[in-house]
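Colleague: would you be able to build a 3D model of this:
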Amino acid sequence: MPDLDSVADALYGLDPGDFVAARSEFAAQAREAGDRELTAAIGRLRKPTVAAWMVNLLARERADELAALLDIGSALRTAQRRLSGSEMRKLSEQRRRVVAALERDAGRLAADRGRTVSESALREVGRTLNAALSDPDIGEQVRQGRLDAIVESDGFGDLSAMPLTVVRGGSEEDDEDDEDDRTAAGKSARKSKGEREPTEREKADQAAREAEIDEAAAALDSAHNAAEEAREAASAAEQELARHEEEVAELRAKLEHAEQQRTFARRAAAEAKKRVVAAERAVSAAEVDLARTKN
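Modeller: Next up, the predicted model:
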């Protein structure tokens, strides 16, 4: 009897329409095995919504792209207080682009399994992916592929409109104190005092963070492109296979027809031989009769 993790993995990979029957079957197996605790735990597993099922499909069928997306979320959480507004807007746009691509992938995966999904379900997929970006716990739930409902979070929000500035140096407490001081001093004081230039070490740290995000973004783009190429290659291979199978079917039909024709020809040849033998016997008999008559 499989354990609960194995059962959950199996169930949440199924179409929602097949979930209840499969859950009942697993529960019956656990009951027959005398495992009351497992039987109860299986019974508590909830049927997933269509949107949650599509996210679970992504976890199974697009694991590399999903992992790269979650890496972007990790980089964003690390860098949110340190990056400039322009850099955060760039990352926000990239995040929207990748989430939209995964939404489309989820729709295609569902269609491949005979499901027509609504626009609202696709939007729910996108909201769950954004929640996974902003919250590592949600990200881990999404990665496991066992969601029974969508998960939402305020997340990073729309970073494209955030007037962020680089926070330079000092501890987190110092940063908060500096922010309070700047607020108290007012806009005119900030203008007169200005902001100090970052140190070389701070510049290097920021550059390293930006490079880390760029690397994660590039890895995500590469994984997505590779997956798209693999899907195209698989589609071409399936078309080629279908063409050959059609050719084989035609050849089999021709072979079957030829075998039937051969059978008919064999029977006709056998009948013809019989007629030849009969005719030859008749000729022999006629020759004998003729000879007797002449004598």
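Colleague: quick one: least confident helix or strand in the chain?
Modeller: Every helix and strand of the chain was ranked by mean pLDDT, DSSP states H and E. The lowest is helix 172-193, at a mean of 41.
Colleague: for Lys273, give its distance to Glu280.
Modeller: 11 Å (Cβ to Cβ, to the nearest Å). C-beta: built from backbone N, CA, C; applies to glycine.
Colleague: for Met54, pull up the helix or strand it's in.
Modeller: helix 50-61 (DSSP states H and E).
Colleague: what lies in contact with that helix?
Modeller: 12-13, 15-16, 48, 65-66, 102, 105-107, 109-110, 113, 115, 117, 121-122, 124-125, 128-129, 142-150 (Cβ atoms under 8 Å, 6 or more residues apart in numbering).
Colleague: what's the first helix or strand after that helix?
Modeller: Assignment by DSSP H and E places the next element after helix 50-61 at helix 63-79.
Colleague: next secondary structure after that following helix?
Modeller: helix 85-112.
Colleague: now the angle from that next one to helix 63-79?
Modeller: 160 degrees (axes from the mean of the first three to the mean of the last three Cα atoms, to 10 degrees).
Colleague: which one is Leu69 nearest to, not counting chain neighbours?
Modeller: What sits nearest to Leu69 in space, not counting adjacent residues and going by Cβ to Cβ, 6 or more residues apart in numbering, is Val98, at 5.5 Å.
Colleague: mind checking how far the one you found is from Ala234?
Modeller: Taken as Cβ to Cβ, the span from Val98 to Ala234 is 22 Å.
Colleague: next one: Phe264
Modeller: Distance of Phe264 to Ala234, computed by Cβ to Cβ: 45 Å.
Colleague: where does pLDDT dip in the chain?
Modeller: Scanning the chain for pLDDT under 70 picks out 78-88, 91, 154-198, 202-203, 205-225, 227-228, 231.
Colleague: so which residue is dead centre in it?
Modeller: For the chain, Glu61 is the residue whose C-alpha lies nearest the centre (Cα atoms, centre = their mean; 3.1 Å).
Colleague: and the gap between that residue and Ala237?
Modeller: Taking Cβ to Cβ, one finds Glu61 at 17 Å from Ala237.
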